[in-house]
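Trainee: got a structure for you, letters missing:
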């Protein structure tokens, strides 16, 4: 037994040193990653927007202003997930309202309202379903609210608001 004791302590000591080196290496890598993230944040510049993107953001800003003046509380704007994007998420008393904003300069292909196809509706519904548990917890005290899907369209500068434009069925 005494012959094995020095061997045991030697092996244990090597194992401890190996664990310490691995821990130090892991901490060094973590620190390096955080420095890279911090430096990339500093170097990040805002991307240049196309004329269409600028126009779209202006339409969303006008829509937001309009719904706020109408008494809705805007909770979030441009929520994105893998399923899609929700332009505006609002609260209308005890109802959660998801709003899609569309703009078209010309109605050559049916206009802004016609651009919200069933496929686009499904994407908005999936994105709403993704965010619904979080929104319920954050703003409705864990009580599942009634949900409504509205559409605000701009055609030729004219704003039209279609409340309850489609259902999640």
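Mentor: Structure received. From a predicted model like this one, the values you see are computed outputs, not experimental measurements.
Trainee: Buried residues, the helix or strand harbouring residue 161. List them.
Mentor: Assigning secondary structure by DSSP states H and E places residue 161 in strand 158-166. Neighbour-count burial for strand 158-166 flags 165, 166 (criterion: 16 or more other CB atoms under 10 Å). C-beta: built from backbone N, CA, C; applies to glycine.
Trainee: Contacts for that strand next, please.
Mentor: Contacts made with strand 158-166 from outside it, assessed by CB atoms under 8 Å, 6 or more residues apart in numbering, are listed as 62-63, 66-67, 70, 100, 113, 116, 121, 148-154.
Trainee: per-residue pLDDT, residue 31?
Mentor: For residue 31, the model assigns a pLDDT of 76.
Trainee: The strand holding residue 161 pairs with which strands, parallel or anti?
Mentor: Taking DSSP bridges as the criterion, strand 158-166 forms sheet pairs with strand 146-155 (antiparallel).
Trainee: The partner strand: which residues count as buried?
Mentor: By neighbour count on 16+ other CB under 10 Å, the buried set for strand 146-155 is 147, 148, 149, 150, 151, 152, 153, 154, 155.
Trainee: Stretch 65-74 too?
Mentor: Under the neighbour-count criterion of 16+ other CB under 10 Å, stretch 65-74 has 67, 72, 74 buried.
Trainee: Could you do stretch 47-59 as well?
Mentor: In stretch 47-59, the ones that count as buried by 16+ other CB under 10 Å are 56, 59.
Trainee: can you check stretch 84-92 too?
Mentor: Under the neighbour-count criterion of 16+ other CB under 10 Å, stretch 84-92 has 84, 86, 87, 88, 89, 90, 91, 92 buried.
Trainee: what pLDDT, on average, does it get?
Mentor: pLDDT averaged over stretch 84-92 equals 95, rounded to a whole number.
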